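K.L.:
Below is the sequence, then the predicted model.
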Amino acid sequence: MQVLRDCYALLTRREGEVMALVVSGLLNKQVGGELGISEITVKAHRGQVMQKMKAASFADLVKKAARLGLASAPKS
C-alpha cells in the first residue's frame, strides 16, 4: 500500500485531477471540458498518470484509485 501511495505522490496536481475524473468514468473530452484543457492535453496527462502509477491497463488504474480511496473512484 505504501508503494501505491508513493506512486500517487509523484503525480502533479493536474495529473491527480485528471486521474480522479478519468477513473470516475468521464471521457477524455469531458475531462478536458471540466478542467478547461484540450482533449490532447488530457491524453498527455493520462499517459503520465499511467506511467507514474505503474498501471498496466485502465482497469488496473481504476483498481489502484479505489485502493487509494479516491472519492470519485467507483466502489466494487
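P.N.:
Alright, I've got the coordinates. As the structure is a computational prediction, the values presented were derived from the model and not from experiment.

K.L.:
CA only for contacts and neighbour counts going forward, please
P.N.:
Will do.

K.L.:
For the most centrally placed residue in the chain, give me its contacts.
P.N.:
Most central in the chain under CA atoms, centre = their mean is Met19, positioned 1.7 Å from the mean C-alpha point. Residues near Met19 by CA atoms under 8 Å, 6 or more residues apart in numbering: 46, 49.

K.L.:
Begin at 43 from now on, thanks
P.N.:
Right, with 43 as the first residue, what we last looked at is Met61.

K.L.:
Pull the longest helix seen in the chain out as PDB, backbone CA atoms only.
P.N.:
Looking across the chain with DSSP state H, the single longest helix is helix 81-94. Extracted in PDB, the C-alpha atoms of helix 81-94 (Å, rounded to 0.1, in the frame of the first residue of the first chain):
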ATOM      1  CA  GLU A  81      -8.500  16.600 -25.200                       C
ATOM      2  CA  ILE A  82      -4.900  16.200 -26.400                       C
ATOM      3  CA  THR A  83      -3.600  17.600 -23.100                       C
ATOM      4  CA  VAL A  84      -5.900  15.200 -21.200                       C
ATOM      5  CA  LYS A  85      -4.400  12.300 -23.100                       C
ATOM      6  CA  ALA A  86      -0.900  13.500 -22.300                       C
ATOM      7  CA  HIS A  87      -1.700  13.800 -18.600                       C
ATOM      8  CA  ARG A  88      -3.400  10.400 -18.700                       C
ATOM      9  CA  GLY A  89      -0.300   8.800 -20.200                       C
ATOM     10  CA  GLN A  90       1.800  10.300 -17.500                       C
ATOM     11  CA  VAL A  91      -0.600   9.100 -14.800                       C
ATOM     12  CA  MET A  92      -0.500   5.500 -16.300                       C
ATOM     13  CA  GLN A  93       3.300   5.600 -16.100                       C
ATOM     14  CA  LYS A  94       3.700   7.100 -12.700                       C
END
